[in-house]
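Participant: Sharing a model that was predicted from the sequence below.
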Amino acid sequence: MKKHNFYAGPSILSEYTIKNTADAILDFAGTGLSVLEVSHRSKEFQAVIDEAMALVKELLDVPEGYSVLFLGGGASMQFCMVPYNLLKKKAAYLETGTWASNAIKEARLFGEVDVVASSKDANFTYIPKGYTVPSDVDYFHITTNNTIYGTEMRYDPDVNVRMVADMSSDIFSRPVDVSKYDIIYAGAQKNLAPAGVTIVIVRDEVLGHVDRPIPTMLDYRTHVKKGSMFNTPPVLPIFSALQTLRYYKELGGVKELEKMDMAKAARLYDAIDSSRMFEGTVTDPADRSIMNVCFVMTPEYKELEKEFIDFASTKGIVGIKGHRSVGGFRASLYNALPMASVEVLVAAMKEFENKH
């Protein structure tokens, strides 16, 4: 039975990426070696990382003066690397979910943190608005998409200070004005590659202005200078990332990906909003994520949630159980997920509703 993969991460990868990665595990670039065992210093792998960096810049229209890095440690490592490199006295953070809260906790180890607004009062089911970012902060940090709660900022805020964004779960799903940001970071395991590598896009001139000594591996300048090769990089995820980036370019780039993602999300949200059995947890359409659609059973059908998950599994649908802090269901509609899988989920919802 075909599986329809709605897991929030690690998540679905394109068949293009999986096939090309599998081939390279057997024979990488005609070397007779597996990509799992080839030297990262080889000319064949240097070509991989060079092309991957160039495609990130091309697809996201990254301006001059920025470096693209491929680092280990996941996006969670960036929670401390960002303040280590940028925070002198005070930073501003927007608290929109668990990962934003974790980033705030880490930043407080390095200086004062001003939480300019939070949606914690409503279990992070909306994006705060009308807040003011102080002019005296070293940077303003946002989390653009909140996988657990299903909210998203599909715009680039206008602020008069340096800005940092965690785009782990929605990077490459919309055009981004990179010039508004000083650092963008994203774990790969949502929209790019297997877990193990994190993309960082950093404005070069923002580095080197804090007084504290920075450990070598936590200093962005180390990785800029060495082209992400200071130590052995996560070779396999970087190779897979290159395959995904090539695939994105082949599809027509980020604008085309956004059209497809918007269509998938609209199809599922329409089914939820027109249902008597299901309801969305994020009520304002402007705040709804197109990457992670969170929904629950209406109160009168609440006891059927587990039964629906079991029913969905008979249709090949996997990964729709909601995070424990929200409950219900979560359907992750990352770039690699085809519309056909959304249609199968919608049909299953309607069949289950008709049955009950």
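Facilitator: Arrived safely.

Participant: can you pull out the helices in the protein?
Facilitator: In the chain, the helices defined using DSSP state H lie at 15-26, 43-59, 74-86, 98-107, 220-225, 235-251, 254-273, 305-313, 339-355.

Participant: Give the residue spans of this structure that score low on pLDDT.
Facilitator: Within the chain, no stretch has pLDDT under 70.

Participant: what about 90?
Facilitator: 1-2, 325 (pLDDT under 90).

Participant: give me every residue that touches the one residue sitting closest to the centre of it.
Facilitator: Among the residues of the chain, the one closest to the centroid is residue 169, at 1.7 Å (C-alpha atoms, centre = their mean). Residue 169 sits next to 8, 9, 145, 146, 147, 186, 190, 191, 291, 292, 334 when contact means C-beta atoms under 8 Å, 6 or more residues apart in numbering. Quick note: C-beta positions are derived from backbone N, CA and C, even for glycine.

Participant: Which ones among these lie within strands?
Facilitator: Counting by DSSP state E, the part of the contacts of residue 169 found in strands is 145, 146, 186, 292.

Participant: returning to that earlier point: quick one: which of the helices of the chain is nearest residue 120?
Facilitator: Proximity to residue 120 (C-beta to C-beta) singles out helix 98-107 among the helices of the chain, at 7.7 Å.

Participant: what's that closest one in contact with?
Facilitator: Applying C-beta under 8 Å, 6+ apart, the external contacts of helix 98-107 come out as 75-76, 78-80, 82-83, 87, 91, 93-95, 113, 115, 120, 124, 141-143, 146-148, 166, 168, 325.

Participant: again, only this time at 7 Å
Facilitator: Contacting residues not belonging to helix 98-107 are listed as 76, 79-80, 83, 87, 91, 93-95, 113, 115, 141, 143, 148, 166 [C-beta atoms under 7 Å, 6 or more residues apart in numbering].

Participant: Just the buried ones from the residues you listed, in ChimeraX syntax?
Facilitator: With 16 or more other C-beta atoms under 10 Å as the burial test, the buried ones among these are selected in ChimeraX as follows:
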select :76,79,80,83,87,91,93,94,95,113,141,143,148,166
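
Participant: could the ones in strands among the contacts of residue 169 be laid out in a markdown table, adding distance to residue 321?
Facilitator: Listed next are the ones in strands among the contacts of residue 169 as a markdown table, based on distance: C-beta to C-beta, whole Å:
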| residue | distance to residue 321 |
| --- | --- |
| 145 | 19 |
| 146 | 17 |
| 186 | 24 |
| 292 | 13 |
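
Participant: export these to TSV and tack on distance to residue 101 and neighbour count?
Facilitator: As requested, the ones in strands among the contacts of residue 169 are exported to TSV (distance: C-beta to C-beta, whole Å; neighbours: other C-beta atoms under 10 Å):
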residue	distance to residue 101	neighbour count
145	15	29
146	10	28
186	18	26
292	17	30
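
Participant: between those residues, which is nearest residue 245?
Facilitator: When the ones in strands among the contacts of residue 169 are compared for distance to residue 245 (C-beta to C-beta), residue 186 wins out at 12.6 Å.
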